[in-house]
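Q: predicted model and sequence follow; I will ask about them next.
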Amino acid sequence: MEMRIFGRSGMQVSLLGFGCGGVGGLMVRGAPADQDKAVARALEVGVNYFDTAVQYGNGESEKNLGRVLATLKPANAVVGTKVRLPSADFGRIAAAVAESLDASLQRLRMERVDIFHLHNAITSAGGGETLSVQQVLGEVVPAFQKLRTQGKTRFLGITAVGDTPALRQVIDAGEFDSAQVSYNMLNPSAAVPLPDGYPAQDYGRLFEHTQAAGVGVVGIRVLAAGALSGVAERHPVASAPPEPIGSALSYEADLARARRQMPLVTEGFAGSLAEAAVRFAITHPAMGTILVGMATPEQFEQALAAVQKGPLPRAALDRLAELQRGFAGEAR
């Protein structure tokens, strides 16, 4: 397994991470035996980053990951979890953050996590369930730093969802060590300029900002929540199609555009659309680790095989860019 240095943290993380989210569902609704098998296999092949959150199954993902890791006792597992603050707690951010991490640590059976990510969307002015840049830098950061001083987390992170200017501002501030960035074949804008009229959020080459600030990147929505499999059917353990992040305004639109990228398979660049998507996500040097949600141990094996084939070749990337230009001007 290829290991990459995770930003300025100096940590080495596996290029393929282990997503414990609710979309794939294995660590939320899967059979315990399948959970045990998949995590053990991941550790065996060199995967060391495990990503969970309170919101994944209302704590079930953390409980299940904690149970499996307590049994296997790996020496080098890197674990990240998250806090999403409800707007009702915006008046007590420090206390709410501390309470959330303490509860996560209890479920994980750990004294500390390696990365603690803010899960809220970040916008310039805040409002609704989003946090403003001022709230993040002025209140969340000190709360996170206190938890780091207490030894409950090693590194601080954000989930890079919200307004692009706000995300840039928070990353440029240099307070966070990690950013979870949406990057996939439907929206490559964290790395490259989008064609005019492209139907997706423009992340404005966010990777240039993470690299300049020494922020490690966790690639999320690599398969666009399953749309980039090109298959509408979902495994019983998986969630219903969730709301897209950064791409189309509906999962159905993502799936339709994903299917229009099938020439990558029919022309021999990849064995499947999902393989192409995984290999696309690891092509950029800013990427530290990618998360691939899974419903079964077999789906982990498929992601592993794709990563082991390496990044897509230049000819495939050129063909993909040609296909993406065909989306320009369409309704999002």
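A: All right, it came through fine. Numbering: from 1, shown residues only.

Q: can you give me the helices in this structure?
A: 26-29, 32-44, 60-72, 93-108, 133-135, 141-149, 164-172, 206-213, 251-259, 263-266, 273-281, 297-309, 314-325 (DSSP state H).

Q: show the pLDDT at Ser87.
A: Per-residue pLDDT puts Ser87 at 95.

Q: report the separation between it and Gly19.
A: Per Cβ to Cβ, to the nearest Å, Ser87 is found 27 Å from Gly19. C-beta coordinates here come from the backbone N, C-alpha and C atoms, glycine included.

Q: compare these two (neighbour count), which wins?
A: Neighbours per residue (other Cβ atoms under 10 Å) separate Ser87 from Gly19, with Gly19 holding more: 28 against 13.

Q: who's in contact with the more buried one?
A: Counting by Cβ atoms under 8 Å, 6 or more residues apart in numbering, Gly19 makes contact with Asp51, Leu291, Val292, Gly293, Met294.

Q: any idea of the mean pLDDT for stretch 320-332?
A: So the average pLDDT for stretch 320-332 ends up being 95.

Q: what's the first-to-last distance across it?
A: 19 Å (Cα to Cα, to the nearest Å).

Q: residues of stretch 218-237 that come out buried?
A: By 16 or more other Cβ atoms under 10 Å, the buried positions in stretch 218-237 come out as 218-230, 234-235, 237.

Q: got the CA coordinates for that stretch in CSV?
A: Extracted as CSV, the C-alpha positions of stretch 218-237 are listed here (Å, rounded to 0.1, in the frame of the first residue of the first chain):
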residue,chain,number,x,y,z
VAL,A,218,-8.9,13.3,2.9
GLY,A,219,-10.7,12.7,-0.5
ILE,A,220,-14.4,12.3,0.1
ARG,A,221,-17.3,11.4,-2.3
VAL,A,222,-14.8,9.7,-4.6
LEU,A,223,-17.6,7.6,-6.0
ALA,A,224,-20.2,10.4,-5.6
ALA,A,225,-22.0,8.4,-3.0
GLY,A,226,-22.2,5.4,-5.5
ALA,A,227,-23.3,7.3,-8.6
LEU,A,228,-19.9,6.7,-10.2
SER,A,229,-20.5,3.0,-10.1
GLY,A,230,-23.0,3.8,-12.9
VAL,A,231,-25.4,1.3,-11.3
ALA,A,232,-28.7,2.5,-9.8
GLU,A,233,-29.2,-0.6,-7.6
ARG,A,234,-27.9,-0.2,-4.0
HIS,A,235,-26.9,-2.9,-1.6
PRO,A,236,-29.3,-3.6,1.3
VAL,A,237,-26.7,-2.4,3.8
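
Q: go through the helices of the chain and name the closest to Pro195.
A: helix 314-325 (5.3 Å; Cβ to Cβ).

Q: buried ones in the closest one?
A: Ala316, Leu317, Arg319, Leu320, Gln324.

Q: before we move on, what about stretch 275-293?
A: Going by 16+ other Cβ under 10 Å, stretch 275-293 has these buried residues: 275-284, 286-293.

Q: follow-up on the earlier one: relative to Ser182, which of the helices of the chain is closest?
A: helix 206-213 (9.3 Å).

Q: who does that closest one touch, helix- and strand-wise?
A: Helix 206-213 sits against helix 164-172, strand 178-182, strand 216-220, with contacts defined as 3 or more Cβ pairs under 8 Å, 6 or more residues apart in numbering; DSSP states H and E.
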